[in-house]
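Novice: The amino acid sequence is not available; the structure is as follows:
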């Protein structure tokens with residue numbers, strides 16, 4: 001098979017390219033710019049484009065498929081050439097479906113927790129020797145590629161993102177996978193540039209449930225009101241299995257969980273993480289892994305990459321970084337850290353970085369999201385707001401949106417000064433962003449604070 005990637009350098013696209021290359025496909029690709037770590041990974045696989053830019057001459061009738069990334073535009077010259085030659089064109093999720101049509105497809109969906117739940121399932125499968133294919137949307141420790149496609153595995157685990165599939169396919173990615181087993185972790189309005197109302201956003205999850213295969217299964221979070229409504233609506237078409245927070249105790253090492261008269265000691269912590277764990281347990285049950293084996297295998301699970309990831313720890317200071325940026329994630333993460341370290345001072349910093357979070361109309365959704373922190377800071381960059389072509393926002397609007405009780409910063413140095421002033425003995429620093437506060441090196445910061 002000869003496959004050409006248009007916009008091969010994307011975080012998802014380059015992983016799929018590597019997976020197909022390892023499967024024995026002849027893979028080529030193009031992009032106008034490729035950043036690290038994609039560049040090195042593609043180079044190591046010998047599929048890095050020799051030059052940057054779009055070249056229609058690369059597109060010929062010998063190609064079996066074109067895979068089109070979100071980074072490409074509708075008028076991309078390679079895409080136009082592929083259309084002229086009637087070469088089959090697939091979005092990233094469409095091609096994953098093509099690769100998994102004969103497998104049992106398990107799709108993990110929801111506004112939050114997808115990567116964590118998927119990584120929990122993969123951890124258990126690896127620990128217990130269960131062979132599965134997979135696609136994960138973030139880099140996980142211990143994996144050199146986040147897509148695996150094989151001939152032998154009978155099951156594939158897919159992280160089901162609700163964002164759009166490609167420039168010419170405006171369907172949400174998770175609408176294309178047609179799961180045999182689906183999980184929904186929760187719904188909290190996101191991607192408001194694509195889904196302008198909450199009702200429109202929720203409807204995407206309704207469609208997802210409609211697309212579960214006949215005699216399929218929906219595993220759902222019983223503590224999420226919108227998800228419960230969907231489970232009730234679809235329960236006559238598919239099997240529905242609910243989960244919620246298990247009985248647990250906070251321990252110095254993490255969590256002691258109680259289930260079926262058994263105790264399990266875990267390194268992970270936080271109510272939200274434990275909900276995710278129960279969802280992952282039910283998924284694993286559907287592929288023949290017992291609850292006891294699953295929970296036993298999770299004793300050494302420390303979390304997914306950038307999800308409450310420990311940066312440094314000393315006897316009187318701990319620093320975490322987390323991908324949290326939406327209101328629901330922010331609230332859950334600060335609550336989890338404060339609950340786990342109740343005797344420590346919690347300093348929480350978050351960055352408004354995504355399109356949704358920087359919209360003036362969306363700011364009120366953040367009200368009281370950081371109230372569990374002892375000291376809280378919210379950072380945003382006016383230049384990023386301008387780059388995204390959004391209406392400017394002020395410090396006062398951000399302060400009011402969060403319900404007060406926070407410091408608002410618009411310069412990276414202000415963030416560093418705030419941290420320096422507030423970190424003291426017996427404290428926890430939590431850095432939350434899908435970016436890096438415009439240049440903060442977390443490892444260097446953690447090291448400097450530890451030496452304080």
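Specialist: Happy to help now that I have it. Given the structure is predicted, the values throughout are model-derived calculations rather than measurements. Residues are numbered from 1 along each chain as shown.

Novice: As a check, name the ranges of all helices in this protein.
Specialist: Here the chain has its helices, by DSSP state H, at 11-22, 38-44, 77-84, 92-100, 114-127, 198-210, 225-234, 271-285, 291-297, 327-340, 382-387, 395-401, 412-422, 442-450.

Novice: who are the neighbours in contact with the closest residue to residue 83 other than its chain neighbours?
Specialist: Counting by C-beta to C-beta, 6 or more residues apart in numbering, the nearest residue to residue 83 once its immediate chain neighbours are dropped is residue 89, at 7.2 Å. Placement of C-beta: from N, CA and C, glycine included. Contacts for residue 89 (C-beta atoms under 8 Å, 6 or more residues apart in numbering) come out as 65, 66, 68, 79, 82, 83, 168.

Novice: One more: residue 233?
Specialist: Counting by C-beta under 8 Å, 6+ apart, residue 233 touches 206, 209.

Novice: now residue 415
Specialist: Contacts of residue 415 (C-beta under 8 Å, 6+ apart): 349, 377, 379, 409, 437, 440.

Novice: Kindly recompute the last result at 10 Å.
Specialist: Residues near residue 415 by C-beta atoms under 10 Å, 6 or more residues apart in numbering: 349, 351, 377-379, 407, 409, 431, 437-440, 445.

Novice: Not including adjacent chain positions, what is the nearest residue to residue 388?
Specialist: Nearest residue to residue 388 in three dimensions, chain neighbours excluded: residue 355, at 5.8 Å (C-beta to C-beta, 6+ apart).

Novice: From what I see, that neighbour and residue 193 are in contact.
Specialist: Yes - look at residue 355 against residue 193 with C-beta atoms under 10 Å: they come within range, at 4.7 Å.

Novice: okay, and the common contacts of these two?
Specialist: By C-beta under 10 Å, 6+ apart, residue 355 and residue 193 have these common neighbours: 388, 390.

Novice: Looking at those two, which is more packed in?
Specialist: More crowded of residue 355 and residue 193, by other C-beta atoms under 10 Å: residue 355, with 16 against 12.

Novice: What score does that one have for pLDDT?
Specialist: pLDDT for residue 355: 85.

Novice: One more: residue 389?
Specialist: If you check residue 389, the pLDDT there is 89.

Novice: Give me the neighbour count for it.
Specialist: A count of neighbours around residue 389, defined by other C-beta under 10 Å, yields 7.

Novice: Might you report the residue contacts of it?
Specialist: Contacts of residue 389 by C-beta under 10 Å, 6+ apart are residue 355.

Novice: re earlier: I'd like the contacts of residue 415 written out as CSV, with pLDDT and distance to residue 365 added.
Specialist: Converted to CSV, these look like this (pLDDT from 0 to 100; distance: C-beta to C-beta, whole Å):
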residue, pLDDT, distance to residue 365
349, 97, 19
351, 96, 16
377, 97, 18
378, 97, 13
379, 97, 18
407, 97, 20
409, 97, 20
431, 96, 21
437, 94, 21
438, 92, 23
439, 91, 27
440, 95, 25
445, 95, 28
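
Novice: and the residues you listed, which of them are in strands?
Specialist: 349, 351, 377, 378, 379, 407, 409, 431 (DSSP state E).

Novice: okay, among the residues you listed, which ones form the most distant pair?
Specialist: Spanning the widest gap among the ones in strands among the contacts of residue 415 are 407 and 431, at 14.4 Å by C-beta to C-beta.

Novice: re earlier: farthest-separated two in the contacts of residue 415?
Specialist: Among these, 407 and 439 lie farthest apart (C-beta to C-beta), at 18.9 Å.

Novice: And these two? Which one has more around it.
Specialist: Remark: of residue 407 and residue 439, residue 407 carries more neighbours, 18 against 10, as counted by other C-beta under 10 Å.

Novice: tell me, how many neighbours does the nearest residue to the more buried one once chain neighbours are set aside end up with?
Specialist: Of all residues not flanking residue 407 in the chain, residue 377 sits nearest, at 4.5 Å (C-beta to C-beta, 6+ apart). Residue 377 is flanked by 23 other residues according to other C-beta under 10 Å.

Novice: For residue 377, which residues are in contact?
Specialist: Taking C-beta under 10 Å, 6+ apart, we find residue 377 in contact with 347-351, 370, 406-409, 414-415, 417-419, 422, 431, 437.

Novice: Would you mind listing the buried residues in stretch 128-137?
Specialist: Neighbour-count burial for stretch 128-137, counted by 16 or more other C-beta atoms under 10 Å, picks out 130, 132, 133, 134, 135, 136, 137.

Novice: Between these, which sits nearest residue 35?
Specialist: Lowest distance from residue 35 to the buried residues of stretch 128-137 (C-beta to C-beta) belongs to residue 137, with 17.0 Å.
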